[in-house]
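Enquirer: Requesting a structural model of the entry that follows:
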Amino acid sequence: MASIFDPIVNKAGDRLKSANWYKKQVSDLSSRISASKLMKQGRLLGRPSQGRLNMFFYDPKLKQTLPYYDTFPLVLPLQSAPGGFLGLNFHYVAPLVRFNILNELQKYATDNKFDANTRLLVTYNKIKRNPYTKAMIKHYLYNHVRSNFLRVDVNEAPVAVLLPVQQFRKQSPSYVYSQSRKNK
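Expert: The predicted structure follows:
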């Protein structure tokens, strides 16, 4: 089944393009994209795919006390944690910051092909001191996941990090981004 990422990934070919190039391609898609459409068109798995980005619907356990939260996270799993896993949710930082962090994480890639077989071998210990990822590290509980996991391959990641599909509750995306900048 064709993915919503395919037209942009195919257009990019076997080369990574600039953030502005991907941003332009995504802006052309934005009016036709939604979290539900992504989930219907992608590779769905019962568990998060290690070394790749994952999207899923989530209902946080502590939503009553959280100042804000994302119900459709874009997460790179880092390690197992009690009842679930720790992951980097790219939605907690502004889109161009996401792209820059993704570029930084390329040094953990299993190869230089950056295709569907490439994985990002990132662990909590490797990035915990990075001030930009501090606001992105979240603990996800399996019993609060409300869908399967949409696997986003490394060659699709530059598109995925720029898609405006975050679903914050209690605050706007711009507010969340400003708090992430303050807390780095």
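Enquirer: From now on I want contacts and neighbour counts done on CA atoms only, so please keep to that.
Expert: Will do.
Enquirer: what's the residue nearest the centre of the chain sitting at in phi/psi?
Expert: Centroid-nearest residue in the chain: Leu74, 2.8 Å away (criterion: C-alpha atoms, centre = their mean). Main-chain dihedrals, Leu74, degrees, to the nearest 10: phi -120, psi 100.
Enquirer: Can you tell me, leaving aside adjacent residues, what's nearest to it?
Expert: Ranked by C-alpha to C-alpha, 6 or more residues apart in numbering and with sequence neighbours excluded, the top spatial neighbour of Leu74 is Met55, at 4.7 Å.
Enquirer: list the contacts for that neighbour?
Expert: Phe72, Pro73, Leu74, Val75, Phe149, Leu150, Arg151, Val152 (C-alpha atoms under 8 Å, 6 or more residues apart in numbering).
Enquirer: now with 10 Å?
Expert: 35, 38-39, 42, 44, 48, 71-76, 89, 147-152, 160, 165-166 (C-alpha atoms under 10 Å, 6 or more residues apart in numbering).
Enquirer: who does it bridge with?
Expert: Leu74, Leu150 (DSSP bridges).
Enquirer: ok, how many other residues are close to Lys107?
Expert: By other C-alpha atoms under 10 Å, 13 other residues sit near Lys107.
Enquirer: Can you read off the pLDDT for it?
Expert: Per-residue pLDDT puts Lys107 at 93.
Enquirer: begin at 526 from here
Expert: In the new numbering, first residue 526, that becomes Lys632.
Enquirer: Would you mind measuring from the residue nearest to the centre of the chain to Arg671?
Expert: Here the criterion is C-alpha to C-alpha, to the nearest Å. By it, Leu599 lies 14 Å from Arg671.
Enquirer: for Leu570, same thing?
Expert: Distance, Leu570 to Arg671, by C-alpha to C-alpha: 13 Å.
Enquirer: any common contacting residues for those two?
Expert: Here Leu570 and Arg671 share the contacting residues Phe581, scored by C-alpha under 10 Å, 6+ apart.
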